[in-house]
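Enquirer: pasting the sequence and the predicted coordinates here, then a few questions.
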Amino acid sequence: MHAFAADPTRGIYILALLVAITLPALILLIQRVPALASRAPYTLLSRETGILANNWLMSGACLIVFTGTLYPLAA
């Protein structure tokens with residue numbers, strides 16, 4: 001499917017790159033959790049509700065693409 005599929009060293013490189021980006025971001029997020037905590041209630045038309053709806057929409061689209069990509073392999 002992709003040019004790097006037959007070369008496992010490139011897959012390790014991509015995995016290391018993802019870890020190098022994700023791990024510091026998660027550490028910074030964990031450190032800032034007390035400062036980010038808010039006790040304000042969310043309303044139906046708030047910014048946070050819009051972000052949550054967007055996340056659900058993108059997760060659904062990702063699931064559809066994932067299923068469409070792997071279905072031919074399973075069939």
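Expert: Nice, thanks for sending it over.

Enquirer: please make it C-alpha for all contacts and neighbour counts, starting now.
Expert: OK.

Enquirer: and the gap between Pro34 and Ala25?
Expert: 16 Å (Cα to Cα, to the nearest Å).

Enquirer: more neighbours: these two, which one.
Expert: A side-by-side neighbour count of Pro34 and Ala25, using other Cα atoms under 10 Å, places Ala25 first with 12 against 9.

Enquirer: so the more buried one, which of the three states?
Expert: Secondary structure, DSSP: H, G, I helix; E, B strand; the rest coil: Ala25 is helix.

Enquirer: list the contacts for it?
Expert: Shown here is Ala25, which makes no contacts under the criterion Cα atoms under 8 Å, 6 or more residues apart in numbering.

Enquirer: separation between it and Ser59?
Expert: Look at Ala25 and Ser59: by Cα to Cα, they are 20 Å apart.

Enquirer: now Val19: which helix or strand?
Expert: Of the helices and strands defined by DSSP states H and E, Val19 is found in helix 8-36.

Enquirer: now Leu44: phi and psi?
Expert: phi -70, psi -30 (degrees, to the nearest 10).

Enquirer: neighbours of it, how many?
Expert: Close neighbours of Leu44, defined as other Cα under 10 Å, add up to 8.

Enquirer: ok, it to Ile51 distance?
Expert: For Leu44, the distance to Ile51 (Cα to Cα) stands at 11 Å.

Enquirer: residue nearest the centroid of this protein?
Expert: Note on the chain: the residue nearest the mean C-alpha position is Ser59, at 8.4 Å, using Cα atoms, centre = their mean.

Enquirer: shaky segments in this structure?
Expert: Under the criterion of pLDDT under 70, the regions of the chain flagged as low confidence span 1-8.

Enquirer: now with 80, please.
Expert: Applying pLDDT under 80 to the predicted model, the residue ranges of the chain that meet it are 1-11, 36-42.
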